[in-house]
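Novice: Need the 3D shape of this:
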Amino acid sequence: MQINSKKSLHGEVTIPGDKSISHRSIMFGSIASGITEVTNFLEGADCLSTISCFRKMGIEIERDKDSVVIHGKGLHGLSAPSGTLDVGNSGTTTRLISGILAGQSFSSTLNGDASIQSRPMRRIMTPLSLMGADITSINGNDCAPLLINGHPLKGIQYSSPVASAQVKSCVLLAGLYADGKTSVTEPVLSRNHTELMLSAFGANITTSKTTASILPDPELLGQKIAVPGDISSAAYFIAAGLIVPNSEILIKNVGINPTRDGILKVAYAMGANIEKLNVHTVSGEPVCDLLVKTSFLHGTTIEGDIIPTLIDELPVIAVMAAFAEGTTTIRDAAELKVKESNRIDTVTENLKAMGADITPTEDGMIICGGKTLHPATIHSHLDHRIAMSFAVAALACEGETEIMDGECVNISYPGFYEDLEKLSL
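Specialist: Numbers count the residues shown, from 1 in each chain. Here you go, the predicted model:
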């Protein structure tokens, strides 16, 4: 994929539906009774993997572009799959569905691509085992493929060592099938889409500070869900609008859930000119349009409680930092090492290739901004967020940048390059 520099960007873009919410709409709709209708569903490869898994367990799911209708069969209505459940590249599918499968009356095997087969699953295997689940890493390396023999579960109070919505959601979903109350306490609050949506479906779920608790065996009822635009996808247009000269971009229908809006807080701290317009609520999630204008950015420090609210956006934030004046320090982000790629390494490798001054650390990176970057050959390592982040960097570098394996953006944003190109017409 070749990306050329741009003199300016203008126009508006409507980003695809939120990936996290799209995944959950399929899962919760499948274990609810009755019909769940979803609009603005993200048609990325990861979410299609979730649909495929539930179809294999007997759930009828109709698709018409970005509208999905799920014919749920209730909490105990899933059937044993005839073969392996293929999660593709999706860590969300793998970890959340494991919580549901742990309490079933059948056995199942989860597997995915090479990336999934190297992603850490001990973080869900530990709490599920404490609940009485029978879950095994077939290769004995705490990664997929996973064999899950459905088993009666018991409620637990679990203190998670990581702030992870995937871990929290896995345990809460298993809690639906437990014999009593299940609680998860995190070191810092992670994204709360599971708590909001499960509650809307009828689950008895409560939250207090960084603890979420759920009671078992609720009657979940089908819902109508309007998926807001994904702020993780909006992040690339936010960054592009800020760093490409003479730009003004209106990004429509962006979810701004406070457990997800860390990139906005960081952008404001760096001096960004971003205006929130048309703020409203859709299906329990806050949404707005974002008007982004070219800004003179300066360095900042990103650490602590804000990290879980922007973990997926840190690669593009690093790109913003490279075009800012001064030093940006990112700490407490060791989780970057266990994403689709080791994002500390891949961000460092590619920003250095473009001439940036960046130093990797054990839990983040230090970026000394203000250097003039130049085009380079970018290695995406099949990581969609790396490909999109460096497509944005390429817009502000004089000349043509090549992104290897750039089609991996289809995991979360199939029309990304087309939407980017429209802004420069």
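Novice: quick one: the closest residue to residue 289 other than its chain neighbours from residue 422, how far?
Specialist: Nearest non-adjacent residue to residue 289, counting by C-beta to C-beta, 6 or more residues apart in numbering: residue 277, 4.4 Å away. Heads up, the C-betas are built off the backbone N, CA and C, glycines and all. Per C-beta to C-beta, to the nearest Å, residue 277 is found 20 Å from residue 422.
Novice: quick one: the residue nearest to residue 289 from residue 231, how far?
Specialist: 15 Å.
Novice: The residue nearest to residue 289 sits in which helix or strand?
Specialist: Per DSSP states H and E: residue 277 is located in strand 273-282.
Novice: Could you list every helix and strand that that strand packs against?
Specialist: The contact analysis (3 or more C-beta pairs under 8 Å, 6 or more residues apart in numbering; DSSP states H and E) places strand 273-282 against helix 231-243, helix 262-269, strand 285-293.
Novice: Let me know the angle separating it from helix 262-269.
Specialist: Put simply, strand 273-282 runs at 150 degrees to helix 262-269, going by axes from the mean of the first three to the mean of the last three C-alpha atoms, to 10 degrees.
Novice: got the buried residues for strand 273-282?
Specialist: 273-274, 282 (16 or more other C-beta atoms under 10 Å).
Novice: Kindly reformat these as CSV containing distance to residue 38.
Specialist: Below are these laid out as CSV (distance: C-beta to C-beta, whole Å):
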residue, distance to residue 38
273, 34
274, 29
282, 12
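Novice: tell me which of those is nearest to residue 198?
Specialist: residue 282 (17.3 Å; C-beta to C-beta).
Novice: In the sheet, which residues pair with the residue nearest to the closest one when sequence neighbours are not counted? Tell me.
Specialist: Distances taken as C-beta to C-beta, 6+ apart place residue 226 nearest to residue 282, at 4.9 Å, with adjacent residues excluded. For residue 226, the beta-bridge partners are residue 39 (DSSP bridges).
Novice: For residue 226, list the residues it contacts.
Specialist: 39-40, 282-283 (C-beta atoms under 8 Å, 6 or more residues apart in numbering).
Novice: For those, which single residue is the most surrounded?
Specialist: residue 40 (23 neighbours; other C-beta atoms under 10 Å).
Novice: Retrieve the pLDDT associated with that residue.
Specialist: Looking at residue 40, its pLDDT stands at 96.
Novice: for it, what are its contacts?
Specialist: Neighbours of residue 40 in contact, by C-beta under 8 Å, 6+ apart: 16-17, 66, 226-229, 253.
Novice: among those residues, which ones are buried?
Specialist: Those of those that meet the buried threshold are 16-17, 226-229, 253, by 16+ other C-beta under 10 Å.
Novice: Residue 349 belongs to a strand, doesn't it?
Specialist: No - per DSSP: H, G, I helix; E, B strand; the rest coil, residue 349 lies outside any strand segment and is helix.
Novice: what's near enough to touch it?
Specialist: Applying C-beta under 8 Å, 6+ apart, we find residue 349 in contact with residue 379.
Novice: swap in residue 119?
Specialist: With C-beta under 8 Å, 6+ apart, residue 119 has these contacts: 91, 94, 143-144, 338.
Novice: make it 6 Å
Specialist: residue 91 (C-beta atoms under 6 Å, 6 or more residues apart in numbering).
Novice: got the buried residues for stretch 175-188?
Specialist: Applying 16+ other C-beta under 10 Å to stretch 175-188 flags 175-178, 182-184, 186 as buried.
Novice: Count the neighbours of the spatially closest residue to residue 300 that is not a sequence neighbour for me.
Specialist: Excluding the flanking residues, the one nearest residue 300 by C-beta to C-beta, 6+ apart is residue 269, at 4.6 Å. For residue 269, the count of nearby residues is 16 (other C-beta under 10 Å).
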